[in-house]
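Colleague: 3D model of this:
(one chain, ligands or ions: 1)
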Amino acid sequence: MEIVIQPDPELAGDLIAQEIVRLYRRKPTAVLGLATGSTPLPVYEALRRRHEAGEVSFAEGQAFILDEYVGLPEGHPESYRTVIRTELVDHVDFPRHALHAPEVEAEDLERAVLAYEWAIRDTGGVDLQLLGIGENGHIGFNEPGASLASRTRVGYLTPSTVAANARFFDDDESQVPRRCVTQGLATIMTAHHLVIIATGEKKARAVAQMIEGPVSQRWPASVLQHHTHVTVLLDEGAASQLELADYYREAYGSVPSWRII
Ligand code: PGA
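Modeller: Predicted structure coming up:
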């Protein structure tokens, strides 16, 4: 894993945006994996800005969302499809059907999640998967206890995730859907480059477990220790419980300037 500690979330987000710009210049058909939540928002903001400045085109690209609630009607402002459209896709030049999401309204949900897993495989793999991390160490909706070998499936939110996400639902936990579809941990691990962003002290414990703890279902993000190309973008708060923070800073400082992350 490469650990990149930045002074603030905007700089961390812009570094990821620069990496995505570089990816699309090198491979215009690149496949992105997109995450929701508050933390990735600076990435989308920077991408909108860089697209508007003419630095990047997504005209041949595709994107897959990482997870989605089950039970919200199509077009609900907090459905992850809507969030990704509003934050990114509607503002840039992705083709009309470039955004893929699991069909959470399907009568046969099990079949729909399987189809989503296969759709991801059919692309030959996600080139760059953007991830956030929950305070409980989840990635996607792979909550503690998720099998490290899991594939795309129907899941169930922990009380801590329901509490954390209530802020998007008028602070009313009863409005937060409990069921979800999520790419599995093994599905996420098939992406070529995993880029995870975490900001704020509330994430410090999960970040320390992900990077320096044992690989365990208790902290699902720790599975990333088995991937060959993971970049972790942190602000000072999220990095505050890392035992080797100074070493990570020094190591990233030695990276040649032509490399972004
Ligand atoms: P957050 O969510 O960015 O809103 O904290 C991240 C996550 O739960 O994966």
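Colleague: longest single helix anywhere in the protein?
Modeller: Secondary structure of the chain read by DSSP state H shows that its longest helix is helix 9-26.
Colleague: next SSE after that helix?
Modeller: Downstream of helix 9-26, the first helix or strand assigned by DSSP states H and E is strand 31-34.
Colleague: name the nearest residue to residue 76, sequence neighbours excluded.
Modeller: residue 82 (6.3 Å; CB to CB, 6 or more residues apart in numbering). Placement of C-beta: from N, CA and C, glycine included.
Colleague: which helix or which strand is home to the one you found?
Modeller: Counting by DSSP H and E, the element that carries residue 82 is helix 80-87.
Colleague: so what sits opposite the residue nearest the centre of the chain in the bridge?
Modeller: Centroid-nearest residue in the chain: residue 131, 2.0 Å away (criterion: CA atoms, centre = their mean). Beta-bridge partners of residue 131, counted by DSSP bridges, are residue 196.
Colleague: isn't it up against residue 139?
Modeller: Yes: contact criterion CB atoms under 8 Å: residue 131 and residue 139 qualify, at 5.1 Å.
Colleague: can you tell me the closest non-neighbouring residue to the one residue in the chain that gets nearest to the ligand?
Modeller: Closest contact between the chain and the ligand, by CB to the nearest ligand atom, is at residue 37 (2.7 Å). Counting by CB to CB, 6+ apart, residue 132 is the residue found nearest to residue 37 once chain neighbours are left out, at 4.4 Å.
Colleague: is it true that that neighbour touches residue 39?
Modeller: Yes: with contact defined as CB under 8 Å, residue 132 counts as touching residue 39 (4.4 Å).
Colleague: any shared contact partners between the two?
Modeller: Counting by CB atoms under 8 Å, 6 or more residues apart in numbering, the common neighbours of residue 132 and residue 39 are 197-198.
Colleague: what's the burial count for the residue nearest to residue 163 when sequence neighbours are not counted?
Modeller: Excluding the flanking residues, the one nearest residue 163 by CB to CB, 6+ apart is residue 173, at 6.3 Å. Applying other CB atoms under 10 Å, we find 13 residues neighbouring residue 173.
Colleague: need the contact list for residue 173.
Modeller: Counting by CB under 8 Å, 6+ apart, residue 173 makes contact with 162-163, 166.
Colleague: and for residue 131?
Modeller: 33, 35, 66, 139-140, 188, 194-197, 221.
Colleague: still on that earlier bit, how many other residues sit next to the residue nearest to residue 76?
Modeller: Residues within reach of residue 82, counting by other CB under 10 Å, total 17.
Colleague: surely it touches residue 68?
Modeller: No: look at residue 82 against residue 68 with CB under 8 Å: they stay out of range, at 10.1 Å.
Colleague: mutual contacts of those two, please.
Modeller: Counting by CB under 8 Å, 6+ apart, nothing touches both residue 82 and residue 68.
Colleague: the strands in this protein, which residues?
Modeller: Per DSSP state E, the chain carries strands over the ranges 2-6, 31-34, 62-65, 67-69, 99-100, 128-131, 153-156, 179-182, 193-198, 230-235.
Colleague: packing partners of the third one?
Modeller: Taking 3 or more CB pairs under 8 Å, 6 or more residues apart in numbering; DSSP states H and E as the contact definition, the neighbouring helices and strands of strand 62-65 are strand 31-34, helix 80-87, strand 99-100, helix 109-122.
Colleague: send the alpha carbons of the last one over as PDB?
Modeller: So that's helix 109-122. The C-alpha coordinates for helix 109-122 follow below in PDB (Å, rounded to 0.1, in the frame of the first residue of the first chain):
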ATOM      1  CA  LEU A 109     -32.700  -9.500  -6.800                       C
ATOM      2  CA  GLU A 110     -30.400 -12.500  -6.500                       C
ATOM      3  CA  ARG A 111     -30.300 -12.800 -10.200                       C
ATOM      4  CA  ALA A 112     -29.800  -9.000 -10.600                       C
ATOM      5  CA  VAL A 113     -26.800  -9.000  -8.300                       C
ATOM      6  CA  LEU A 114     -25.200 -11.900 -10.200                       C
ATOM      7  CA  ALA A 115     -25.800 -10.000 -13.500                       C
ATOM      8  CA  TYR A 116     -24.000  -7.000 -12.000                       C
ATOM      9  CA  GLU A 117     -21.000  -9.100 -10.900                       C
ATOM     10  CA  TRP A 118     -20.800 -10.500 -14.500                       C
ATOM     11  CA  ALA A 119     -21.200  -7.100 -16.000                       C
ATOM     12  CA  ILE A 120     -18.100  -5.900 -14.100                       C
ATOM     13  CA  ARG A 121     -16.200  -9.000 -15.100                       C
ATOM     14  CA  ASP A 122     -17.200  -8.500 -18.800                       C
END
